[in-house]
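Novice: Sequence first, then the predicted structure, then my questions.
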Amino acid sequence: MKVILIKDLKGKGKIGDIIEVNPNYANNVLIKQGIAKPATASNLNDHKGQVESKAYHHAELVKEYQNLANSIRGKVYNFTLSVGSNGKAFGSITKQEILSKLTADGIKVEKNMIKDFPTIKGVGQYKITLQLIKEVSVDIIVNVNIK
């Protein structure tokens, strides 16, 4: 019997997958527990519409993030660090400080989108990668000077 999964089922499939299972298992376990629904013509048609809708919305989201990535690609953000008398820097530049600069610039990103984050404890330029979504990433430059 074919069923459409409503929830992930370990070893069988993920949400939205159409799988073939034993009719007794389908009726007595999967459908009864709300894990799956029968793959009737009506349910298959609804499922097809949901898949197409999800794909369309994801494509729109990718376009939106591509535009954002193009607008910030290669931008340089300047930071300053205090330096003691011995030439050693006090503190470091954190992800939160970078997020604050991006937010002040009108760019809405989350902390978990910052990837390849090096420890920034000295003067120089650092390349930071923002992974906006799985398909879209962009590099920004963090320039650190001394006070």
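Specialist: Arrived safely. Numbers count the residues shown, from 1 in each chain.
Novice: Could you list the low-pLDDT ranges of the protein?
Specialist: Counting by pLDDT under 70, the chain has low-confidence residues at 87.
Novice: Centroid-wise, who is the farthest residue in it?
Specialist: Relative to the centre of the chain, the most outlying C-alpha is that of Ser85, 42.6 Å out, by Cα atoms, centre = their mean.
Novice: Just give me the residue right at the centre of the protein.
Specialist: Centroid check for the chain by Cα atoms, centre = their mean gives Ile133 as the closest residue, at 3.9 Å.
Novice: remind me, longest helix of this protein?
Specialist: Ranked by residue count under DSSP state H, the longest helix found in the chain is helix 41-72.
Novice: What's the first helix or strand after it?
Specialist: With elements assigned by DSSP states H and E, the helix or strand that comes after helix 41-72 is strand 76-83.
Novice: List of residues touching the helix or strand hosting Gln131?
Specialist: Following DSSP H and E, one finds Gln131 within strand 124-133. Residues outside strand 124-133 that contact it (Cβ atoms under 8 Å, 6 or more residues apart in numbering): 61-62, 65, 68-69, 72, 76, 98, 109, 113-118, 120, 137-144. For glycine as for every other residue, the C-beta is placed from the backbone atoms N, C-alpha and C.
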